[in-house]
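J.: quick check, what structure comes out for this input:
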Amino acid sequence: MSVPFIALHLACIGVFFVEPTPLCLGLCAVTYVIRMFGITGGYHRYFSHRSYKTSRAFQFVLGWLGCSAMQKGPLWWAAHHRHHHLYSDQADDPHSPRTRSFLWSHLGWIFSEANNPTDWHTIRDWGPYPELRFLNRFHWIPGISLAFVCWLIDGWSGLVWGFFVSTVLVYHATFMVNSICHLFGRKRYQTKDESRNNLLVALLTLGEGWHNNHHHYQSSANQGFFWWEIDVSYYTLKMLSWVGLVWHVRKANPKHIAKILPEA
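T.: Now for the predicted structure:
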């Protein structure tokens, strides 16, 4: 992953050589939001935690959207995330800023060859789906396809802003959950780790910044437990449930939500 990752960052230098048209800037915003949902609503809340149900066809769509964010395949992502929850902020956590460093948790772990394989034992529930195994193996296809579409829409400006810049922004917003949300913010619930709720990260990631909430009640589709905790990913899932694309959308148990730390 290291070579494509570095190449995508270097490609952002192209912003100095292309015209920032309204169309390409709008394309950047749209591809950011859609792909961020592919990570938050797809890779995280569905493939990692199975916090709602959907059809096999829409399951593939979620996997495709997640792959288009260039964060490898859905099964690889889910396996590493489940491993993170199992050992959160302990020595075996693949990206804890508490046991290693901020830089390691934010992006250093990505360059480690030890984190390249998919732990199939951890995601045995997804193994029977050949289409998901296909996406996991050829995870670059949705991203390359999106890059081509961006180029068709607005030429080189569309490619640079709609794909390269947008991809890098999604990268670092996602990585903030691993790094910032285990160091800075409010710890509302007593968990075995140092997960924190962080408003800024929640806004950038469509709701993933309510990380202490999430570690307190992992199987919930909503990570913003209170009305003032903005969770765009959950709002999107609710709207998808209204049209029948998803169902059995789990919410945190009120009794668990009420178990707030005395000092909070």
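J.: burial count for residue 243?
T.: 7 (other CB atoms under 10 Å). Placement of C-beta: from N, CA and C, glycine included.
J.: where do the helices sit along the stretch 1-150 of the chain?
T.: Taking DSSP state H, counting those that start in this stretch, the helices of the stretch 1-150 of the chain run over residues 2-11, 22-37, 56-68, 74-86, 102-106, 130-137, 140-159.
J.: can I get those in CSV with distance to residue 170, mean neighbour count and mean pLDDT?
T.: Shown next, in CSV, are the helices of the stretch 1-150 of the chain (distance: least, CB to CB, whole Å; neighbours: other CB atoms under 10 Å; pLDDT from 0 to 100):
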stretch, distance to residue 170, mean neighbour count, mean pLDDT
helix 2-11, 10, 13, 91
helix 22-37, 5, 19, 98
helix 56-68, 10, 20, 98
helix 74-86, 13, 21, 96
helix 102-106, 14, 18, 94
helix 130-137, 18, 17, 97
helix 140-159, 11, 18, 98
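J.: so which of those comes closest to residue 247?
T.: Across these, residue 247 has its closest neighbour in helix 56-68 (10.6 Å, CB to CB).
J.: which strands or helices does the closest one pack on?
T.: Here helix 56-68 touches helix 22-37, helix 74-86, helix 130-137, helix 140-159, going by 3 or more CB pairs under 8 Å, 6 or more residues apart in numbering; DSSP states H and E.
J.: which one of the helices of the stretch 1-150 of the chain lies closest to residue 245?
T.: helix 56-68 (5.4 Å).
J.: in CSV, list the helices and strands packed on helix 56-68 along with distance to residue 106.
T.: Putting the helices and strands packed on helix 56-68 into CSV (distance: least, CB to CB, whole Å) gives the following:
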stretch, distance to residue 106
helix 22-37, 17
helix 74-86, 14
helix 130-137, 24
helix 140-159, 21
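J.: which one of the ones you listed lies closest to residue 208?
T.: Comparing the helices and strands packed on helix 56-68 against residue 208 with CB to CB, the closest turns out to be helix 22-37 (8.7 Å).
J.: could you list every helix and strand in contact with the closest one?
T.: Counting contacts by 3+ CB pairs under 8 Å, 6+ apart, helix 22-37 is packed against helix 56-68, helix 140-159, helix 166-179, helix 232-242.
J.: could you redo the last one with a cut-off of 7 Å?
T.: The helices and strands touching helix 22-37, judged by 3 or more CB pairs under 7 Å, 6 or more residues apart in numbering; DSSP states H and E, are helix 56-68, helix 140-159, helix 166-179.
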